[in-house]
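J.: Using only what follows, build the 3D model:
(chains A and B)
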Amino acid sequence: MAPPKPHKILMVAEKPSIALSIASALSGGHMSTRRGGSSTEVHEFNGTFRGSNAQYKVTSVIGHVFSVDFPAKYQDWTVTDPLDLFQAPILKAESNPKAHIRRHLSQEARDCGHLVLWLDCDREGENICFEVVECTGFHGNEARRRVYRARFSSVTEKDILKAMDNLVEPNEDEARAVDARQEIDLKVGVAFTRFQTSYFQGKYGNLDSRVISYGPCQTPTLGFCVQRYLQINTFKPEKFWALHPYITHNGYELQLEWERNKLFDLDVAVMFQNLVMEDGIVEVTDISEKQESKSRPSGLNTVNLLKVASSALGFGPQMAMQLAERLYTQGFISYPRTESTAYPSSFDFKSTLGMQTNNPTWGDYVQKLLDDGFHRPRSGTDAGDHPPITPMRAANEDMLGNDAWKLYQYVCQHFIGTVSPDCKYVRNKVEFSIGGEIFRCIGQHVIVKGFTSIMPWLAVNEKNLPQFKKGEKIEVSKVELYEGETSPPDYLSESELISLMEKNGIGTDASIPVHINNICERNFVQVQAGRKLVPTALGISLIRGYQCIDPDLCLPDIRSFIEQQITLVAKGQVDHSRVVEHVLQQFKQKFIYFVKQIENMDALFEAQFSPLADSGRALSKCGKCLRYMKYISTQPSRMYCGTCEEVYYLPQKGTIKLYKELTCPLDNFELLIFSLAGPEGKSFPLCPYCYNSPPFEGIDTLFGATKTSSTGKLGKGAGMPCFLCPHPTCPHSLIAQGVCACPECSGTLVLDPVSAPKWRLYCNMCNCLVYLPQGAHKISTTRDRCPECESTILEVDFNKKTTPLLDGSTLYTGCILCDELLHSLVEMKHGKSFFKRMGSRGRGRGSGRGGFRGRGRGGKWDDPKMSFRDF
DNA sequence: GCAAGGTC
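T.: Okay, here's the model as predicted:
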């Protein structure tokens, strides 16, 4: 009899690093690893499961497998009323279709009898559990194929083994709470964002933002910055006065601090000054000495790393995370995304310290710690995720580069700090009395530097006091009446903002950097020197507007309200759909009210921004009314016809000029020339009307369309320039300006009409560039085709002085592929095949493949046999 | 073009 087949068990973690840890712990390191069908690895080993032999496969997802969005019919901003979004259905689609996680899980699960979910032990992890279950095709309650949930409190061997022995079921309520949050965030965020973007962008010309977004996290984040701004702006400085008596004792001159600190009434201050001056003698009334201690830090978590990176190292959160991520993947530090500040009991401090003994800066200190005995870190909080961020390998600046080195140094210093002694110092306080008023002096003397020797910026300042005796009387040398003025706080620092967000539950350690980045990118705030966040006119108008209409919208409570509601779902107290419905109902009411009251916010915008009609400068004529339209250069750049009240979007991120007052034969609009920046940026003509409403069917690749537009939605600024236009006779169309097929893609090489004197062709699909004879006076396309390869024949007017023509003449026509002279003057940029094929094989005829790809379907032309391929 | 959450 053959032995019974061992069970196959699939285990899935939230990220590759945890899959590896789990597999290593459970296999004792005896495993084999293969690349799965997609992007995540699979670790395999044999073991036992519930007393029987088992084959284990451990793999992972990469965060959420799915994310929610609206169906296609709700994607068009111009067609969907944002109010309808509250009732719209939502879809789950794979977050990262290219990673093929769904396929991967489904394939790996096929031959497995059991599924064990090792997702992170938080709500999001619980939600991903059910995403994984869906992908694997396991069904909850089948007796033969069971789904288990491993609950681990840290990613250590001990906890992993313990979790394996105590498998439970995934918690559907917690997962459904996340579903609820996703739906609420999506509907509320998108509805408000679309409404206010459309409202304000259609009205003002100098609004410098493509999207005026709203979100229950980003908006309160902005709120914090604006709140501080308003505090500064409404601040009224007040004068105050303080008494500063001076004494000289044992050779020290000493300024005494007044117990009343400061007074805001000059007369009263002067009265006290007289009192003190009249007395003129200080009496020592009390001397005390107390030992104080400053605790060493607890372990470093992500949020604290981000705060230090911003305030001390000058790195923004996004940058800091990038650097940390790189240090992690290169093995210099441990996993940088963690909430925990407590170390697992099994943490090996000794060997982590041991790696640092050769460091030129702190090596000796670390060696001494090892020799004298280091301390255990202060107990922090254990969030059950990863251990605090610690160094894993010794490094030097050359290995890491300047920025990463700074961050690495901090991680090391912090870690060494956590196992150093506390800082101990003595605090001396001497109290004095002069004319019945109480004054004091405070001295500090450090006994044990402890962790402050490795983190010197936290050191306690030494301040020596001369010896005093109780009852001693000393003459006052002078009494200064100090006049000061209260000053406003500074702009909110990024580090303060991170603290506020953390305290108010806005975002998570991973999303805090994203929210801050968002409000910067949307032009609501700017990061200024010292990483201070200064709100822009747009950011201020928005927040003040919410404050006028419905302050809830920008208060941090809006997030806690949602969290508190979905917690009811997580605890199984209220049904998921009832909570979603209830919360959305409330937000819908808020939305309706907001729309009704938008004029109140608009009043603030009117004071800051100029209406479209007053914006921009006259540039080109409208084909409908024949009046000048204005060019509005702020993003999204566009043309505005004040007479027709029409907006025509333009290609973004380049410069726009009038094109020789030429007009489009289809609609009479004056043509424009768009140029991308840089010496290799292409320039092309476009008609503002055709660009926005392509006149021919079947132009499926528009310029500026995002590559991921699988849903068919297009961004502002995508459109049809003349180089895509199949107009048969217009001198600017693809038909007139196209020369031959692109050697790199299915596009067509088109003459850049304003590239003199560095004449060139560019591809209308990819970034392929071909340089034509340089320095020519003029190069233009003709209506003739090459009889050999059907490329468009070019006419070149060489410069008199530099003409390559032997008889000194300047005019020449020919095919750039088949004409020996022209071809020898052509040079390829971006891409190799053009040059190589031409060079190695000489000129030949087209093979019959290729041609004017990229022109519209149903063209009237014979398929021109023009290709560089297959020579 | 839009949210926030995960991870790379």
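
J.: Please count neighbours and contacts with C-alpha atoms only from this point.
T.: Noted.

J.: So what's the predicted local confidence for the nearest residue to residue A:668 once chain neighbours are set aside?
T.: Nearest non-adjacent residue to residue A:668, counting by C-alpha to C-alpha, 6 or more residues apart in numbering: residue A:623, 4.4 Å away. Reported pLDDT at residue A:623 in the predicted model: 84.

J.: any idea whether residue A:623 is helix, strand or coil?
T.: Using DSSP: H, G, I helix; E, B strand; the rest coil as the criterion, the local structure at residue A:623 reads coil.

J.: what sits against it?
T.: Counting by C-alpha atoms under 8 Å, 6 or more residues apart in numbering, residue A:623 touches A:667, A:668, A:669, A:670.

J.: Tell me which residues touch the third one, please.
T.: In other words, residue A:669. Contact criterion C-alpha under 8 Å, 6+ apart gives A:620, A:621, A:622, A:623, A:624, A:626, A:663, A:687, A:688, A:689 as the residues in contact with residue A:669.

J.: The closest residue to the second one other than its chain neighbours: neighbour count?
T.: Right, residue A:621. Once flanking residues are discounted, residue A:621 sits nearest to residue A:628: 4.2 Å by C-alpha to C-alpha, 6+ apart. Neighbour count of residue A:628, defined by other C-alpha atoms under 10 Å: 19.

J.: Can you give me the separation between residue A:628 and residue A:92?
T.: Going from residue A:628 to residue A:92 by C-alpha to C-alpha, to the nearest Å gives 47 Å.

J.: Give me the phi and psi angles of the residue nearest to residue A:668.
T.: Dihedral angles of residue A:623 (phi, psi; degrees, to the nearest 10) stand at phi -80, psi -20.

J.: Specify the local secondary structure of residue A:662.
T.: strand.

J.: per-residue pLDDT, it?
T.: You'll see residue A:662 listed with a pLDDT of 79.

J.: How about the one 4 residues further on?
T.: The confidence metric pLDDT takes the value 87 at residue A:666.

J.: Same check on residue A:654?
T.: Reading off the confidence values, residue A:654 has pLDDT 83.

J.: contacting residues for it?
T.: With C-alpha under 8 Å, 6+ apart as the criterion, the residues that contact residue A:654 are A:674, A:675, A:676, A:677.

J.: Buried among the contacts of residue A:669? Need that as a selection in PyMOL.
T.: A single PyMOL command is used to select the members of these judged buried by 16 or more other C-alpha atoms under 10 Å:
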select buried, chain A and resi 620+621+622+623+663+687+688+689
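
J.: for the stretch 551-700 of chain A, what spans make up the strands?
T.: Counting by DSSP state E, counting those that start in this stretch, the stretch 551-700 of chain A has these strands, from start to end: A:617-621, A:628-632, A:638-641, A:646-649, A:654-663, A:670-676, A:683-686.

J.: Need the ones you listed in TSV (columns: distance to DNA strand B).
T.: Conversion of the strands of the stretch 551-700 of chain A to TSV gives the following (distance: least, C-alpha to the nearest atom of the strand, whole Å):
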stretch	distance to DNA strand B
strand A:617-621	22
strand A:628-632	15
strand A:638-641	12
strand A:646-649	11
strand A:654-663	16
strand A:670-676	18
strand A:683-686	20
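
J.: Any idea which of those strands gets closest to residue A:592?
T.: Smallest distance to residue A:592 across the strands of the stretch 551-700 of chain A (C-alpha to C-alpha): 27.0 Å, for strand A:646-649.

J.: Return the list of helices and strands in contact with the closest one.
T.: Secondary structure elements in contact with strand A:646-649, counted by 3 or more C-alpha pairs under 8 Å, 6 or more residues apart in numbering; DSSP states H and E, are strand A:638-641, helix A:688-692.

J.: and those, which one's lowest on average pLDDT?
T.: The weakest mean pLDDT among the helices and strands packed on strand A:646-649 belongs to strand A:638-641, with a mean of 81.

J.: next one: phi and psi at whichever residue of the stretch 351-500 of chain A sits closest to DNA strand B?
T.: Distance from DNA strand B to each residue of the stretch 351-500 of chain A (C-alpha to the nearest atom of the strand) is smallest for residue A:385, at 8.6 Å. With angles defined as degrees, to the nearest 10, residue A:385 sits at phi -100, psi -100.

J.: Which residues are in contact with it?
T.: A:120, A:121, A:153, A:154, A:155, A:338, A:339, A:340.

J.: Going by residue numbers, what spans are strands in the stretch 701-850 of chain A?
T.: Remark: strands assigned in the stretch 701-850 of chain A by DSSP E, counting those that start in this stretch are A:738-741, A:748-751, A:760-763, A:769-771, A:778-785, A:792-797, A:811-814, A:827-829.

J.: export those strands to TSV and tack on mean neighbour count, distance to DNA strand B and mean pLDDT?
T.: TSV is the format used below for the strands of the stretch 701-850 of chain A (neighbours: other C-alpha atoms under 10 Å; distance: least, C-alpha to the nearest atom of the strand, whole Å; pLDDT from 0 to 100):
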stretch	mean neighbour count	distance to DNA strand B	mean pLDDT
strand A:738-741	28	27	87
strand A:748-751	29	24	88
strand A:760-763	26	21	85
strand A:769-771	20	25	84
strand A:778-785	18	34	85
strand A:792-797	21	34	83
strand A:811-814	18	41	84
strand A:827-829	16	28	80
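
J.: As CSV, those strands with distance to residue A:28 would be great.
T.: Output for the strands of the stretch 701-850 of chain A, formatted as CSV (distance: least, C-alpha to C-alpha, whole Å):
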stretch, distance to residue A:28
strand A:738-741, 59
strand A:748-751, 59
strand A:760-763, 56
strand A:769-771, 56
strand A:778-785, 72
strand A:792-797, 69
strand A:811-814, 73
strand A:827-829, 54
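
J.: quick revisit: hmm, which of the contacts of residue A:623 are the buried ones?
T.: Of all the contacts of residue A:623 considered here, the ones buried according to neighbour count by 16+ other C-alpha under 10 Å are A:668, A:669, A:670.

J.: Pipe the residues you listed into a markdown table and attach distance to residue A:306 per row.
T.: Formatted as a markdown table, the entries for the buried ones among the contacts of residue A:623 read as follows, by distance: C-alpha to C-alpha, whole Å:
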| residue | distance to residue A:306 |
| --- | --- |
| A:668 | 56 |
| A:669 | 52 |
| A:670 | 52 |
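
J.: Looking at those residues, which one is closest to residue A:314?
T.: Nearest to residue A:314 out of the buried ones among the contacts of residue A:623 is residue A:670 (C-alpha to C-alpha; 48.7 Å).

J.: what sits against the closest residue to that closest one other than its chain neighbours?
T.: Nearest residue to residue A:670 in three dimensions, chain neighbours excluded: residue A:663, at 4.2 Å (C-alpha to C-alpha, 6+ apart). Residue A:663 makes contact with A:669, A:670, A:671, A:687, according to C-alpha under 8 Å, 6+ apart.

J.: Dump those into TSV; add pLDDT and distance to residue A:436 as well.
T.: Written out in TSV, the entries for the contacts of residue A:663 read as follows (pLDDT from 0 to 100; distance: C-alpha to C-alpha, whole Å):
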residue	pLDDT	distance to residue A:436
A:669	84	88
A:670	81	87
A:671	81	86
A:687	85	86
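
J.: hang on, isn't residue A:254 packed against residue A:248?
T.: Yes. In this structure, residue A:254 is within contact of residue A:248 by C-alpha atoms under 8 Å, at 6.1 Å.

J.: Bridging across strands, which residues link to residue A:391?
T.: In this structure, residue A:391 bridges to residue A:333 when assessed by DSSP bridges.

J.: what's around it, how many residues?
T.: Counted with other C-alpha under 10 Å, residues neighbouring residue A:391 total 27.

J.: Look at the residue of the stretch 1-150 of chain A found nearest DNA strand B and report its pLDDT.
T.: When scored by C-alpha to the nearest atom of the strand, the stretch 1-150 of chain A has residue A:63 as its residue closest to DNA strand B, at 3.5 Å. Note on residue A:63: pLDDT of 96.

J.: Look up how far DNA strand B lies from the nearest residue to residue A:613 once chain neighbours are set aside.
T.: For residue A:613, ignoring the flanking residues on the chain, the nearest one in space by C-alpha to C-alpha, 6+ apart is residue A:642 at 5.8 Å. Using C-alpha to the nearest atom of the strand, to the nearest Å, residue A:642 is found at 20 Å from DNA strand B.
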